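*Asks:* A structural model of the following input is requested.
(one chain, ligands or ions: 1)
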Amino acid sequence: MDLLELEQRFGTQRKCEEFLKAKRWPDGVTCPKCGTKRPYWIRTVRLWHCRGCGHRFSLTSGTIFHRSRTPLRKWFIAIYLMCTAKKGAPAKQLERTLGVTYKTAWRMSHQIRQAMKHADFDNKLAGIVEADDAYVGGKRSGGKRGRGAPGKTIVVGLKEQNGALKAVVVPDLKADTLKAVLDSSVRLDAEMLCTDELKSYGKAAKDYAHEQVKHSETYVNGNVHTMGGRELLVPVQAGRDKGLPPGLVQAPASVPRRVRVPVQQPEEPGHLRGGAGRV
Ligand SMILES: [Zn+2]
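*Replies:* Below you'll find the predicted structure:
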């Protein structure tokens, strides 16, 4: 979504309210206290009144927008800016863009950041994320490594450093395909996205802080190392055993840890992308 689209979708208070309502209560307005559906709407005070427990609540009760005098439209722009900027949007920028006081901007950015932390936004991966692809299945056991192995399923694996792992079955490794996988699985403000040198990763990851390493080289470039497809076989196989459909397969908790390659200085300093000072 770009700024223009943002303006079209969330340009008015009314549009923002509709969006929030649909997101918050996809099955109809529900009392946040007791769960009773279909409360009365009291137009004069713009509150719902629960038929079950008598609780009164607004669209924003219990959200970061509650009791804020800043219009939702500005909140939505702030959230957009904070989610799309690689390093998040500083309060100073929000102050300028939204035309609010610095104090308000600071409070908004603080609350959005807190909410993002707790909400774990769509379970997207964050921090340092490694992405790699693997070919699995077929007759040979172990899944031969290499792009273009026939009769195999292509899986893109994404892993948070020491954290969650996702595996997505894809039809191919074209840039558009990979971009869709990244967009749905990795937060835009992830500290770093590491992949190997495949060209389509470069195109797919252009919105991210992206580093590429060469598989053929044995050294590790600072934080950057891709995991090698083999590790993915574990969660993918586990997903199959559970009868999960192809698509997103959540990894089991106990994925064996990768054997770490010790950091080695390359023989020629020119070998290291970005200069020898990176290690
Ligand atoms: Zn209630």
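*Asks:* helices or strands next to the longest helix anywhere in the chain in the packing?
*Replies:* Scanning the chain for the longest helix, with DSSP state H as the assignment, gives helix 102-119. For helix 102-119, the packing partners by 3 or more CB pairs under 8 Å, 6 or more residues apart in numbering; DSSP states H and E come out as helix 72-84, helix 91-98. To be clear about C-beta, it is placed using only N, CA and C from the backbone, and glycine gets the same treatment.
*Asks:* closest one to the ion among the ones you listed?
*Replies:* Across the helices and strands packed on helix 102-119, the ion has its closest neighbour in helix 72-84 (24.0 Å, CB to the ion).
*Asks:* With just CA atoms, put that closest one into PDB.
*Replies:* Extracted in PDB, the C-alpha atoms of helix 72-84 (Å, rounded to 0.1, in the frame of the first residue of the first chain):
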ATOM      1  CA  LEU A  72      -8.200   8.100  13.600                       C
ATOM      2  CA  ARG A  73      -7.100   9.200  10.200                       C
ATOM      3  CA  LYS A  74      -3.900  10.600  11.700                       C
ATOM      4  CA  TRP A  75      -3.400   7.500  13.900                       C
ATOM      5  CA  PHE A  76      -3.700   5.400  10.800                       C
ATOM      6  CA  ILE A  77      -1.100   7.400   8.900                       C
ATOM      7  CA  ALA A  78       1.200   7.200  11.900                       C
ATOM      8  CA  ILE A  79       0.800   3.400  12.000                       C
ATOM      9  CA  TYR A  80       1.500   3.200   8.300                       C
ATOM     10  CA  LEU A  81       4.600   5.300   8.600                       C
ATOM     11  CA  MET A  82       5.900   3.300  11.500                       C
ATOM     12  CA  CYS A  83       5.300   0.000   9.800                       C
ATOM     13  CA  THR A  84       6.800   0.900   6.500                       C
END
